[in-house]
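# This is a predicted model, with the sequence first.
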Amino acid sequence: MFSFSGLFLRHMILAYNKLSFSQVYKLYTALQQYFLNDEKKCGIDENDMELTNTEELDGKMEKEELDIPLREEEISCSGPLSQKQAEYFLSQQASLLKNDETKALTPVSLQKELNNLLKFNPDFAEAHYLSYLNSLRVHDVFSSTHSLLHYFDRLILTGAESKSNGDEGYGRSLRYAALNLAALHCRFGHYQQAELALQEAIRIAQESNDHVCLQHCLSWLHISEQKIFDSCVLLEHSVNKSLHFGLPYLASLGIQSLVQQRAFAGKAANKLMDALKDSDLLHWKHSLSELIDISIAQKTAIWRLYGRSTMALQQAQTLLSMNSLEAVNVGVQQNNTEAFAVVLCHLAELHAEQGYFAAASEILKHLKERFPPNSQHAQLWMLFDQKIQFERAMNDVIMNLHVSSNGSEPYMGLGCFYTSPTALCLSLISLFSLVPSHSLSLLAYANFSYLTSDLFFFHK
């Protein structure tokens, strides 16, 4: 028969054997501090029998406390969180970074909390990954690369991959580490480094016969090579393979990228909308709410590209009035994602084109509140704001010149500036170039959805 004390000791020995070197050191220092505190408490109890004045005892204790210097980390540290508390905190912040960055902690505050977690548990792989996402918010390429590599190093050292994926887990970590590194380089425009990382990921994926990883590599390869030559054939192959292996997320993003390229090539609008209709079927079938938002934003841009402002306005209002399938918090039905930022920017530009600059200013004001200047999507409304201000200034100058020349009524709106449909289309193309930040990065959301879900939530 086993006694309760024997079972307890056995559990303690097993837990001790699982500790890393840094965790053993933390345990040793904690036990040492506990022993010293117990000795001080015993000494105070013995002296208490000889003291008759409580004020003298209080003064002595205050003097002893003042004589001990407090370290800075002890002052700033609020104490370690439990494993469940830490996991809940990380998953909550990752979800907020994906859906509504304004409700997440600021980059400085979040990094401070993560450093606090890593101080007590340096091998906490998920904390390193959230640090990587946090560094992406402020476009810090060095810190994000450092945190990403630390994440996969800890993932291999702690054995989390081997437990969840068997003997093949080590190779899985290596190929997905290379894939994520390629995605990071693509995000910052380092396409040569991205191709080198993709070659490494493809080599390891081929050795392991991992078709899913190969499809993701093919998608990112399209992104890196489209800066050099037209890669429509590569993208079509990627879409067909994604459908074959049951990867609706990749297939939908590939379809939207094909639609965007064909729109620039001047294909008929009805064919583009038919292709987007096929992708919408995938979205609703698999409840891909973020891709539904991207598709509507893409339709808004296409209608503007072809000069159909009424249809563009309808698509923009559809997205703004639609509730998200994934609410961030209770009572929150819309997510502050990139698709909402793009649609609001197009809505502001539509009002400015018709001469309603006051309404456009109100929309831009709402954008500034919804996407603060330090957020990752703020560059969208900043560019639109500058363009609208420039067009408004040009409109004022031309109206003043017109009034001074013949004294007639000034023109209202900006439509008088475009002398031909070609000039109008060129102006709309310059605006449409903002939208492909969804689909052109072909997994721009992958950093917060595919990578987060596949590598952050499932590798525990």
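That came through fine.

# for the stretch 251-400 of the chain, what spans make up the helices?
Listed in chain order, the helices of the stretch 251-400 of the chain (DSSP state H, counting those that start in this stretch) span 269-286, 289-305, 309-320, 338-353, 357-370, 378-406.

# now those helices in a markdown table, with mean pLDDT?
Below are the helices of the stretch 251-400 of the chain laid out as a markdown table (pLDDT from 0 to 100):
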| stretch | mean pLDDT |
| --- | --- |
| helix 269-286 | 88 |
| helix 289-305 | 90 |
| helix 309-320 | 91 |
| helix 338-353 | 92 |
| helix 357-370 | 92 |
| helix 378-406 | 84 |
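
# Save those as TSV, and put in mean neighbour count too.
Any C-beta I mention is one placed from the backbone N, CA and C, and that applies to glycine too. TSV is the format used below for the helices of the stretch 251-400 of the chain (neighbours: other CB atoms under 10 Å):
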stretch	mean neighbour count
helix 269-286	15
helix 289-305	25
helix 309-320	17
helix 338-353	24
helix 357-370	17
helix 378-406	15
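
# same for the host helix or strand of residue 115, what does it pack against?
Element membership of residue 115 [criterion: DSSP states H and E] is helix 107-120. Here helix 107-120 is seen to pack against helix 72-76, helix 83-99, helix 125-137 when contacts are counted using 3 or more CB pairs under 8 Å, 6 or more residues apart in numbering; DSSP states H and E.

# could you give the angle of the last one to helix 107-120?
Here helix 125-137 points in a direction 160 degrees away from that of helix 107-120 (axes from the mean of the first three to the mean of the last three CA atoms, to 10 degrees).

# before we move on, what about the longest one?
Counting by the same axes, to 10 degrees, helix 83-99 lies at 150 degrees to helix 107-120.

# CA atoms only for helix 83-99, dumped as CSV, please.
Coordinates of the C-alpha atoms in helix 83-99 are reproduced here as CSV (Å, rounded to 0.1, in the frame of the first residue of the first chain):
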residue,chain,number,x,y,z
GLN,A,83,0.3,28.3,-15.4
LYS,A,84,-3.4,28.7,-16.1
GLN,A,85,-3.4,32.4,-15.4
ALA,A,86,-0.5,32.9,-17.7
GLU,A,87,-2.0,30.9,-20.5
TYR,A,88,-5.3,32.8,-20.2
PHE,A,89,-3.5,36.1,-20.2
LEU,A,90,-1.5,35.2,-23.3
SER,A,91,-4.5,33.8,-25.3
GLN,A,92,-6.6,36.9,-24.4
GLN,A,93,-3.9,39.3,-25.5
ALA,A,94,-3.3,37.3,-28.7
SER,A,95,-7.0,37.4,-29.6
LEU,A,96,-7.1,41.2,-28.9
LEU,A,97,-4.1,41.8,-31.1
LYS,A,98,-5.8,39.9,-33.9
ASN,A,99,-9.3,41.4,-33.6
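
# what comes up buried for it?
For helix 83-99, the neighbour count (16 or more other CB atoms under 10 Å) marks 86-87, 89-91, 93-99 as buried.

# and the angle for that helix with helix 289-305?
10 degrees.

# Helix 83-99 packs against which elements?
helix 107-120, helix 125-137.

# again, 6 Å this time
Helices and strands touching helix 83-99, by 3 or more CB pairs under 6 Å, 6 or more residues apart in numbering; DSSP states H and E, are helix 125-137.

# Give the rounded mean pLDDT of stretch 238-253.
For stretch 238-253, the mean per-residue pLDDT is 87.

# buried stuff in it?
Those would be 238-239, 241-243, 247-253, for stretch 238-253 by 16+ other CB under 10 Å.

# Show the contacting residues for the nearest residue to residue 131 once chain neighbours are set aside.
Spatial nearest neighbour of residue 131, chain neighbours left out: residue 147 (4.1 Å); criterion: CB to CB, 6 or more residues apart in numbering. Applying CB atoms under 6 Å, 6 or more residues apart in numbering, we find residue 147 in contact with 128, 131-132, 135.

# Pick the one among the residues you listed closest to residue 365.
Of all the contacts of residue 147, residue 135 has the smallest distance to residue 365: 29.6 Å, by CB to CB.

# neighbours of the closest one, just the number please.
A count of neighbours around residue 135, defined by other CB atoms under 10 Å, yields 21.

# cool, residue 145 as well?
17.

# which parts of the host helix or strand of it are buried?
Element membership of residue 145 [criterion: DSSP H and E] is helix 141-157. Neighbour counts over helix 141-157 (16+ other CB under 10 Å) mark 143-145, 147-152, 154-156 as buried.

# Pull it out as PDB, backbone CA atoms only.
C-alpha atoms of helix 141-157 as PDB (Å, rounded to 0.1, in the frame of the first residue of the first chain):
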ATOM      1  CA  VAL A 141      12.400  43.600 -37.000                       C
ATOM      2  CA  PHE A 142      15.300  42.700 -34.600                       C
ATOM      3  CA  SER A 143      13.200  42.100 -31.500                       C
ATOM      4  CA  SER A 144      10.600  40.200 -33.500                       C
ATOM      5  CA  THR A 145      13.200  38.000 -35.100                       C
ATOM      6  CA  HIS A 146      14.800  37.400 -31.700                       C
ATOM      7  CA  SER A 147      11.500  36.500 -30.000                       C
ATOM      8  CA  LEU A 148      10.400  34.200 -32.900                       C
ATOM      9  CA  LEU A 149      13.700  32.200 -32.800                       C
ATOM     10  CA  HIS A 150      13.400  32.000 -29.000                       C
ATOM     11  CA  TYR A 151       9.900  30.600 -29.300                       C
ATOM     12  CA  PHE A 152      10.900  27.700 -31.500                       C
ATOM     13  CA  ASP A 153      14.100  27.100 -29.500                       C
ATOM     14  CA  ARG A 154      12.000  26.800 -26.300                       C
ATOM     15  CA  LEU A 155       9.400  24.700 -28.100                       C
ATOM     16  CA  ILE A 156      12.000  22.100 -29.000                       C
ATOM     17  CA  LEU A 157      13.800  22.200 -25.600                       C
END
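
# Check the offset of that helix from the chain's centre.
16 Å (CA atoms, centre = their mean, to the nearest Å).

# Could you shift the numbering so residue one becomes 3, and keep it that way?
All set: I'll call the first residue 3, so the last point we hit is now helix 143-159.

# orientation of it relative to helix 127-139 in degrees?
Going by the same axes, to 10 degrees, helix 143-159 makes 160 degrees with helix 127-139.

# what pLDDT, on average, does helix 143-159 get?
Rounded mean pLDDT across helix 143-159 is 89.

# Of the buried residues of stretch 240-255, which belong to helices?
240-241, 243-245, 250-255 (DSSP state H).

# any idea how far the residue nearest to residue 135 when sequence neighbours are not counted lies from residue 132?
Nearest residue to residue 135, sequence neighbours excluded (CB to CB, 6+ apart): residue 99, at 5.5 Å. Computed as CB to CB, to the nearest Å, the residue 99 to residue 132 distance reads 8 Å.
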